[in-house]
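**Student:** Compute the structure for the input listed below.
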Amino acid sequence: MSFKHFALAASLCAIALPTVAEDRPVLDIYTYDSFAAEWGPGPALKAGFEKICGCTVDYVTAVDAISMLRKVQLEGATSPADVVVGLDTATSGEARATGLFADHGADTSGLVFWPAWSDAQFIPFDYGYFAYVYNTEKTPNPPKSFEELIALPSSFKIVIEDPRSSTPGLGNVYWIAAAYGDRAPEIWAGLKPHILTVTRGWSEAYGLFLNGEADMVLSYTTSPAYHVIAENDTRYAYAPFKEGHVQQIELAGALASSNQPELARQFLQYLMTPEAQTLISTTNWMYPVTDIGDALPDAFPPQPHVFIAVSEDMIAANGRAWVDAALAALQ
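**Tutor:** Below you'll find the model as predicted:
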C-alpha cells in the first residue's frame, strides 16, 4: 500500500472508530498485573470473550490482589469496575464484608474440584498451592520444611512477598500460623536472617529469584511447569514441605454497582468454560477448576499429598493477629 493510500485509510478509520466503539458496551475488569500482562491469561480471555459478548473488555491493574481490593474499598459504590478478578480465599471474607459484591448467579455445576460450590458472591477460576521454588543446579538439597530452612546458614537467601499487598505473602503468613500455631513467631524470627527482601508483589519476587539474587522464592507448586512448557527448562522445582502446603483458590466477582450486570455475569460464567480454563492453566500456571482433559500438560505436578486448610472463619478470627505477629518478628 502506498503512503498516500495508507494515510487515506487511516483517516477513514479515525472517523469510523469512535462510532463503532460507542456501539459496544464496555466491561471494566479490575485485576492484578501479571494476569493482564501480555504473557498472562488476560489478553487471550479478552479476545475470547469479546468474540461472544459484542462488548469491549478493559483491564485496570494493581500490583496484586490485595492492592486491587484496597482500590475497590476506597472507591466503594462509585467504583467504575464491573468485575474483580484475582481475589482469593484469603481475601474473600474481607471482600464479602464490604457489601460491594453482587450475587453472581452463575452455574457452577461444571466445577470438578468443588462439586457443590456454595459461594453466592464469588466463583473460582483456578487454584494452586503455595510453595518455595528453587533451582536444582544451584540448590541440589533444598530444605523440606520451615524448620530445615531456618537451620541453614544465613547466607541461604529467600525472597518473599509482603502480606499487606500480596496474596502469596498473606498465604505464607497463614501457612506458618496454621502449621506451627504458637511457634509461628519463632519460625518468623528464624526466617529473618534468610530473607533477602520482602517485595510488594509476586512478579518482583520471582524476577529477583530468576536473576540469581536468592536461593528460593515464595511461589506455587505449579511454577516449575511454566519453565518446562514455555522454556524447555527443567532446572526448577518446588520443595515439598513436610508440614503440607496451603491451598489458594483464586476468585472473581461482580460489583453490585456495575453498569453492565448481565455482561459481568456472562464473563464470570465464561471464566469457568473449558476454553477459558485451558487458557488460564497454561498462562496463569494454576490448576483448572473444570475438566479440560488432555489439555492440562503432563508437566503440571501432582497435587501435594498434604495440604493445610485455612478457612474463611479462621482468617476472620485470627488473620490480623497472624499478620501483625509476622511483621513484628521481622522488625
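**Student:** going forward, measure contacts and count neighbours with C-alpha atoms only.
**Tutor:** Fine.
**Student:** All the helices of the stretch 51-200 of the chain, in order from the start?
**Tutor:** Secondary structure of the stretch 51-200 of the chain (DSSP state H, counting those that start in this stretch): helices at 65-75, 92-97, 146-151, 167-180, 184-191.
**Student:** any idea which of these is most buried?
**Tutor:** The highest average neighbour count among the helices of the stretch 51-200 of the chain, using mean count of other C-alpha atoms under 10 Å, belongs to helix 167-180 at a mean of 22.
**Student:** relative to helix 184-191, how tilted is that helix?
**Tutor:** 120 degrees (axes from the mean of the first three to the mean of the last three C-alpha atoms, to 10 degrees).
**Student:** Can you name the residues in contact with helix 167-180?
**Tutor:** Contacts to helix 167-180, defined as C-alpha atoms under 8 Å, 6 or more residues apart in numbering, come from residues 64-66, 88, 90-91, 130, 160-164, 183-184, 187, 202, 218-219, 243, 245-246, 248, 308, 310, 319, 322-323, 326.
**Student:** got the angle for that helix vs helix 65-75?
**Tutor:** With the same axes, to 10 degrees applied, the angle from helix 167-180 to helix 65-75 works out at 110 degrees.
**Student:** Give me the distance between the residue nearest the centre of the chain and residue 186.
**Tutor:** With distances taken as C-alpha atoms, centre = their mean, the residue of the chain nearest its centroid is residue 86 (5.4 Å). Going from residue 86 to residue 186 by C-alpha to C-alpha, to the nearest Å gives 31 Å.
**Student:** quick one: the closest residue to residue 193 other than its chain neighbours and residue 133, what's the gap?
**Tutor:** The shortest distance from residue 193 to any residue other than its chain neighbours is 5.5 Å, reached at residue 154 (C-alpha to C-alpha, 6 or more residues apart in numbering). Residue 154 sits 18 Å away from residue 133, taking C-alpha to C-alpha as the criterion.
**Student:** Specify which residue of the two has the higher count of neighbours.
**Tutor:** residue 133 (25 against 15; other C-alpha atoms under 10 Å).
**Student:** A helix includes residue 251, no?
**Tutor:** No. Going by DSSP: H, G, I helix; E, B strand; the rest coil, the assignment for residue 251 is strand, not a helix.
**Student:** so who does the residue nearest to it when sequence neighbours are not counted touch?
**Tutor:** Among residues not flanking residue 251 along the chain, residue 124 sits closest, at 4.5 Å (C-alpha to C-alpha, 6+ apart). If a contact means C-alpha under 8 Å, 6+ apart, then residue 124 has 249-252, 272, 289 as its contacts.
**Student:** ok, now residue 203?
**Tutor:** With contacts defined as C-alpha under 8 Å, 6+ apart, residue 203 is in contact with residue 34.
**Student:** roughly how far apart are it and residue 159?
**Tutor:** 11 Å.
**Student:** Spell out the residue ranges of the strands in the chain.
**Tutor:** 26-32, 56-62, 83-88, 122-135, 158-161, 195-199, 216-220, 236-239, 245-254, 307-308 (DSSP state E).
**Student:** Please identify the pairing partners of the second one and their relative orientation?
**Tutor:** Using DSSP bridges, the strands paired with strand 56-62 in its sheet are strand 26-32 (parallel).
**Student:** which other residues reach the strand it pairs with?
**Tutor:** With C-alpha under 8 Å, 6+ apart, strand 26-32 has contacts from 55-65, 68, 80-86, 260, 263-264.
**Student:** For that strand, C-alpha coordinates in CSV please.
**Tutor:** C-alpha atoms of strand 26-32 as CSV (Å, rounded to 0.1, in the frame of the first residue of the first chain):
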residue,chain,number,x,y,z
VAL,A,26,-17.5,-1.8,27.9
LEU,A,27,-16.8,-4.3,30.6
ASP,A,28,-14.3,-2.9,33.1
ILE,A,29,-12.3,-5.5,34.9
TYR,A,30,-10.0,-4.9,37.9
THR,A,31,-7.2,-7.5,38.1
TYR,A,32,-3.6,-7.9,39.1
